[in-house]
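Participant: No sequence on hand, only this structure:
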């Protein structure tokens with residue numbers, strides 16, 4: 001179960017503690033969101049700037065989570 005270790009309200013930073021399997025679940029969820037958003041953009045050509053921005057954010061989050069996952073593997 002994810003545990004909040006520390007919060008810093010002025011800088012809006014939260015430190016979390018989670019298991020490797022929880023991190024893997026989050027990574028899989030973001031991967032599904034990325035695929036879904038990409039399909040939605042391809043089905044609705046021309047795509048909107050908002051949709052492309054959302055997809056870019058999902059991809060960036062996915063890469064960040066992969067880096068974290070690799071450090072614990």
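Facilitator: Thanks, I have the structure now. What you are looking at is a predicted structure, and each value in this text was computed from that prediction instead of being measured. Residues are numbered from 1 along each chain as shown.
Participant: Please count neighbours and contacts with C-alpha atoms only from this point.
Facilitator: Fine.
Participant: how close does residue 51 sit to residue 17?
Facilitator: Distance from residue 51 to residue 17, counting by CA to CA, to the nearest Å: 31 Å.
Participant: Around the nearest residue to residue 16 once chain neighbours are set aside, how many other residues sit close by?
Facilitator: Nearest residue to residue 16, sequence neighbours excluded (CA to CA, 6 or more residues apart in numbering): residue 4, at 4.7 Å. If you count neighbours by other CA atoms under 10 Å, residue 4 ends up with 11.
Participant: Skip ahead from whichever strand or helix holds residue 4 and say which helix or strand is next.
Facilitator: According to DSSP states H and E, residue 4 maps onto strand 3-8. Using DSSP H and E, the helix or strand that directly follows strand 3-8 along the chain is strand 13-17.
Participant: and the residue nearest the centre of the chain, what helix or strand is that in?
Facilitator: Residue closest to the average C-alpha location in the chain (CA atoms, centre = their mean): residue 61, at 3.8 Å. If you go by DSSP H and E, residue 61 is part of helix 49-72.
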